[in-house]
Each structure stands twice: as C-alpha cells, then as structure tokens.
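In: The following comprises the amino acid sequence and a computationally predicted model.
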Amino acid sequence: MPAPPATLSTVPAEEALPCPAPFFHSDSDSVRFWVQVHGLPVGATISRATLHYRFCPQQAGDQPLATYLAHAAEVDSAVRRRVLGGSIEPVMLREHDLLPVPVPSGSQTPGA
C-alpha cells in the first residue's frame, strides 16, 4: 500500500479532529461535508445533480442532504480514495468518482 501524500500527516486516533456536520449549500447547489482521513478532517463537496443521478435517478423532489446522509459511507469512501490518490482539499466529487451501481444477479443487460 502506498504511503500517504507527504502533505497529509497521520494523527493518532485519540487525537483525531472532529468533523463539522454536513450541510446543503444553496449557492453552489451542493452538499458540503468533511471526512476523516488519517485523523484529519478533509472538506469535500458533491452536487445535487451527482447525488440525484447516482443514488435516486427515478425519484422527483429528492433532498440532497438526506441523500448524502443515506449514502455517506460510499461518498466518504470516494473522498478517501481521491485524497489517497493525491487530491487536495476541497475534494469535489463527480459521478465518475463513485463506484458503479451493482447490477443484481440474474438481471439481464440490454442487448444480452
């Protein structure tokens, strides 16, 4: 496993800094949130559109903050992957940063 980037130090778990609560920022139409990476909070954003198209494309009137909270583990993992890959704060997640939606076994793909 590669070492963390030189600019990101590792903080012992008992000294980890708390993350602020996530919130919806209406001016940018995105959810702003923080993720613990090596014991430090790293700021990140994800747009309403990315949350909608990735997690609830069939719904109308979905709420971005509620959608983020329901899928925080997956979204936070994407931030960690980006930071460990060298991205710096603030991390702006896009659709391609999130893992593809798993296709249930037994489902047929179009054209199959």
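Out: Done, it's in.

In: the strands in the protein, which residues?
Out: 23-25, 30-37, 40-47, 91-93 (DSSP state E).

In: tell me which strands and helices the third one is in contact with?
Out: Counting contacts by 3 or more Cβ pairs under 8 Å, 6 or more residues apart in numbering; DSSP states H and E, strand 40-47 packs against strand 30-37, helix 72-84, strand 91-93. In short, each C-beta sits where N, CA and C put it, glycine included.

In: wait, isn't Leu99 in contact with His71?
Out: No. Using Cβ atoms under 8 Å as the test, Leu99 is too far from His71 to be in contact (10.9 Å).

In: quick one, which of these two is more surrounded?
Out: More crowded of Leu99 and His71, by other Cβ atoms under 10 Å: His71, with 16 against 11.

In: quick one, what contacts the closest residue to that one other than its chain neighbours?
Out: Closest residue in space to His71, ignoring its immediate chain neighbours: Phe55 at 5.3 Å, by Cβ to Cβ, 6 or more residues apart in numbering. Contacts for Phe55 were tallied using Cβ atoms under 8 Å, 6 or more residues apart in numbering; they are Thr67, Ala70, His71.

In: Next, name the residue at the spatial heart of this structure.
Out: Per Cα atoms, centre = their mean, the C-alpha nearest to the average position across the chain is that of Val75, at 2.6 Å.

In: That one: what's it in contact with?
Out: Counting by Cβ under 8 Å, 6+ apart, the residues that Val75 touches are Phe33, Ile46, Tyr68, Leu93, Leu98.

In: do Asp62 as well
Out: With contact set as Cβ under 8 Å, 6+ apart, Asp62 has these partners: Leu51, His52, Cys56.

In: buried subset of those?
Out: By neighbour count, with 16 or more other Cβ atoms under 10 Å, those hold Leu51, His52, Cys56 as buried.

In: Inside helices: which ones of those?
Out: Of the buried ones among the contacts of Asp62, the ones assigned to helices by DSSP state H are Leu51, His52.
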